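Q: okay, predicted coordinates and the sequence, questions at the end:
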Amino acid sequence: MRSGRNGKEVAYFNGRVYTANRQAPIAKAFILRDGRFSAVGDDSIAEGCPNRVDLQGSCVIPGLVDSHCHMLAALEKAAMGVVDLPSGIRPEELGDVLLRLIKERDLPKDRVFAAMGISLTQGNFSAEDIDRVIPDRPVIVFSDDVHALLLNRKAMEWAGIDETTKDPGDKSYFKRDPEGRPTGLVIEIEAMSMCRSLIEGNEQDPAEILKETCRQYASYGYTTVFEAMSAYYEDDELFEALAEFADTDPGLRISTSFCYRGEEQLHAEEALAIMKNLRERFSRKNLICNTLKLISDGTIEEHSAFLYEPYEDEPDNVGHLMLSVEEMRKMAELAAAEGFHIHIHAIGDRAAGVILELFEGLGPISGTKTIAHNQLYSEAEIRKIIEAQDVYFQTTPHWVEADAFTRDCLGEKRYRMQFPIGTMVRNSVRVTFGSDSCLEKNTANPFLGMYYACARGDADCEGLCCPPQSEGIGREECLLAYTIDGAGQLGLDRETGSIEAGKSADFVILDRDILNCTPEELKKTRVRETFFRGNSSWKPMR
């Protein structure tokens, strides 16, 4: 269906429209012209319009923004045919589960079998867990947080990983047995990238994979995504493909990033030159190449998040920084001076403190400042980000689900200091929500994310989420985090993120009123149709 394109005016009326416009949050009707909203208000604005669509009371929201995802990893996942694993698999169960999945798909033995979806650091996983039942084909298993992977011996042989393989460093490495032989467990991104020879696409057309991936995002109501690790070297081939696809009006606005990995990989000035070249050559209407990504620390699961006090279960370990403060500051200063947005991964409280000091030192910049993930905050860091008022607090709301492993890692006191979302909202810090996923069904679903963010503050849901209840937020705040504030993080809030006259006609028709349904109904919400620039980009097959 084409709506409001090529000069034709189309009025949508009789709806429950949540605009994400803080000055006028609710409307009943809107008019589209040339792919943009030309008017928003009550039903009277639709009178006299020759082309009218009766919404019949349906709930309409702005196109959603995934403020931190891994779309390109989702493409690789699709190309490899990666299979989703059920959660909670124990090491002794892994081989049998994988063998069953391989038999179900009847795959040839000369093809790598890839799976994803378990926490590889919650248990003593090794190649032997796979090899005892699958010794004759290469198998690779990605951790659910994409910060670790597991290879069986055949996969290590294919990738050329053995006892002579050097670790990239003490922050990213191949776990080894007492004799120095790799066990198959690979920790963090630098070492994982040394296994890329295993990541091979099948015979599918890359353009078709990209098209289907965009359709999947649209099926959740997304019209804009931020790809949080698009490139870390000059990759013209990738960006040429993205640019060519973006010119086809793909139904999705893609914001990319350049991930800087430090002076050992690339000098800051060289990285800046690549970033400027990518921006100048490939930015266009549906592709925005304007963000620097930095990774300051690791994760709680890998015990590599940077903390002020040691881990409860590892009393000699406080984690570490992935990049030195000097490297991050230099790169951020160069990028900020050229108008790039700065987006920095920080999980631990000490990492958050380092980044907030870095951002304070930058002063006002023309781009945006974002801390991604924001898992653990001390009271000092909470005060700093509130006082700053120019830093976006980006996170994944699904992560507030109760987790005994994290409680054991952090101890009870710090377990209660995670994800201070409610505090941020109450103090006018702009909170944005993203999936941090490769299109996994649970974390990609924004309505499930809203459910968790709200359930945390619901006494009836006690025990479902990590405490305290004061950090839960309301439905309206969730919608803002997935729409206008997400667009603001990407510097796109004048173009999208709310249903307002003059903005791109990005909107979603839902099967229920998400601001007034029960919590159980909220997490079951389905998209009836997604529109991008006034054009229907997804609707269920009949």
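A: Received it, and whenever you're ready, just let me know what you need. Numbering: from 1, shown residues only.

Q: residue contacts, Arg181?
A: 162-163 (CB atoms under 8 Å, 6 or more residues apart in numbering). Where C-beta positions appear, they are placed from N, C-alpha and C, glycine not excepted.

Q: from Met417, how far off is it?
A: Using CB to CB, to the nearest Å, one gets 39 Å for the distance from Arg181 to Met417.

Q: avg pLDDT for the strand or helix carrying Ala352?
A: Assigned by DSSP states H and E, Ala352 belongs to helix 349-362. The average pLDDT within helix 349-362 is 98.

Q: stretch 485-495 too?
A: 98.

Q: pull that stretch out as CSV, backbone CA atoms only.
A: As requested, the backbone C-alpha atoms of stretch 485-495 are provided in CSV (Å, rounded to 0.1, in the frame of the first residue of the first chain):
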residue,chain,number,x,y,z
ASP,A,485,14.6,10.2,22.5
GLY,A,486,16.1,7.4,20.5
ALA,A,487,15.9,9.7,17.4
GLY,A,488,17.5,12.5,19.4
GLN,A,489,20.5,10.2,20.4
LEU,A,490,21.1,9.8,16.6
GLY,A,491,20.7,13.5,15.8
LEU,A,492,17.5,12.6,13.9
ASP,A,493,14.8,14.1,16.1
ARG,A,494,14.0,16.8,13.5
GLU,A,495,13.3,14.1,10.9
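
Q: mind listing residues that contact that stretch?
A: So stretch 485-495 is contacted by 64-67, 224, 226, 253, 255, 288, 290-291, 341, 367-368, 370, 392, 394, 430-434, 484, 496-498, 503-504 (CB under 8 Å, 6+ apart).

Q: show me the helices in the stretch 101-250 of the chain, by range?
A: 128-131, 153-159, 189-193, 206-219, 236-246 (DSSP state H, counting those that start in this stretch).

Q: for Ala404, find the nearest of those.
A: helix 128-131 (21.8 Å; CB to CB).

Q: which helices and strands does the closest one pack with?
A: Other helices and strands packing on helix 128-131, by 3 or more CB pairs under 8 Å, 6 or more residues apart in numbering; DSSP states H and E, are helix 91-105.

Q: any idea how far the helix it packs on is from the middle of the chain?
A: Counting by CA atoms, centre = their mean, to the nearest Å, helix 91-105 is centred 28 Å from the centre of its parent chain.

Q: counting neighbours, what do you get for Val318?
A: Neighbour count of Val318, defined by other CB atoms under 10 Å: 16.

Q: before we move on, what about Glu104?
A: Neighbours of Glu104 using other CB under 10 Å come to 9.

Q: list the contacts of it.
A: Contacts of Glu104 (CB under 8 Å, 6+ apart): none.

Q: oh, and call the first residue 779 from now on, that's how I've got it
A: Sounds good: first residue 779 from here, last item Glu882.

Q: how close does it sit to Arg915?
A: Distance of Glu882 to Arg915, computed by CB to CB: 15 Å.

Q: show me what counts as buried in stretch 951-969.
A: Using 16 or more other CB atoms under 10 Å as the test for burial, stretch 951-969 gives 951-953, 960-969.

Q: now stretch 1050-1061
A: Residues of stretch 1050-1061 classed as buried: 1050, 1052-1054, 1056-1057, 1060-1061 (neighbour count, 16+ other CB under 10 Å).

Q: check which helices and strands the least confident helix or strand in the chain by mean pLDDT sits against.
A: Least confident helix or strand, the chain: helix 849-858 with a mean of 79, by mean pLDDT, DSSP states H and E. Contacts defined by 3+ CB pairs under 8 Å, 6+ apart place helix 849-858 against strand 891-896, helix 984-997, strand 1000-1005.

Q: so in that sheet, which strands flank the next helix-or-strand element following the helix holding Ala1130, and in what orientation?
A: Per DSSP H and E, helix 1127-1140 leads on to strand 1147-1151 as the next helix or strand towards the C-terminus. Paired strands of strand 1147-1151, with direction, are strand 1119-1124 (parallel), strand 1169-1173 (parallel) (DSSP bridges).

Q: nearest to Ala933, out of these?
A: Nearest of these (CB to CB): strand 1119-1124, 27.3 Å.

Q: chain center to that closest one: distance?
A: Worked out by CA atoms, centre = their mean, strand 1119-1124 lies 13 Å from the chain centre.

Q: repeat for stretch 1283-1295
A: That offset, for stretch 1283-1295, works out to 22 Å (CA atoms, centre = their mean).

Q: buried residues, that stretch. List them.
A: Those would be 1283-1288, 1290-1293, 1295, for stretch 1283-1295 by 16+ other CB under 10 Å.

Q: returning to that earlier point: just the buried residues of stretch 1050-1061 now: which is nearest Lys944?
A: Ile1052 (26.0 Å).

Q: if I pick the spatially closest residue to that closest one that is not a sequence neighbour, what's in contact with it?
A: Spatial nearest neighbour of Ile1052, excluding adjacent residues (CB to CB, 6 or more residues apart in numbering): Glu1012 at 4.9 Å. Going by CB under 8 Å, 6+ apart, Glu1012 touches 1052, 1055-1056.

Q: chain center to the helix or strand harbouring Ser1314, what's the gap?
A: Assigned by DSSP H and E, Ser1314 belongs to strand 1313-1316. Offset of strand 1313-1316 from its chain centre (CA atoms, centre = their mean): 22 Å.

Q: with stretch 1049-1060 instead?
A: That offset, for stretch 1049-1060, works out to 23 Å (CA atoms, centre = their mean).

Q: same deal with stretch 947-964?
A: Relative to the centre of its chain, stretch 947-964 is centred 28 Å away, using CA atoms, centre = their mean.

Q: can you report how many residues neighbour the nearest residue to Phe1211 once chain neighbours are set aside?
A: Once flanking residues are discounted, Phe1211 sits nearest to Ala1259: 4.2 Å by CB to CB, 6+ apart. Neighbour count for Ala1259, taken as other CB under 10 Å: 32.

Q: His1176 reaches Tyr1230, doesn't it?
A: Yes - contact criterion CB atoms under 8 Å: His1176 and Tyr1230 qualify, at 5.4 Å.

Q: quick check, Gly1076 in a strand?
A: No - going by DSSP: H, G, I helix; E, B strand; the rest coil, the assignment for Gly1076 is coil, not a strand.

Q: so who does it touch?
A: 925, 949, 966, 1082-1084, 1097-1098, 1100, 1125.

Q: dump those residues into JSON lines; add distance to Arg830 as well.
A: Compiled in JSON lines, these are given as follows (distance: CB to CB, whole Å):
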{"residue": "His925", "distance to Arg830": "51"}
{"residue": "Lys949", "distance to Arg830": "59"}
{"residue": "Glu966", "distance to Arg830": "55"}
{"residue": "Ser1082", "distance to Arg830": "56"}
{"residue": "Ala1083", "distance to Arg830": "53"}
{"residue": "Phe1084", "distance to Arg830": "56"}
{"residue": "Gly1097", "distance to Arg830": "58"}
{"residue": "His1098", "distance to Arg830": "60"}
{"residue": "Met1100", "distance to Arg830": "55"}
{"residue": "Ile1125", "distance to Arg830": "50"}
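
Q: so which of those sits lowest on pLDDT?
A: Lowest confidence among the contacts of Gly1076: Lys949, with 78.

Q: give me the phi and psi for that one.
A: phi -100, psi -20 (degrees, to the nearest 10).

Q: run a quick neighbour tally on it.
A: Residues near Lys949, counting by other CB under 10 Å, number 20.
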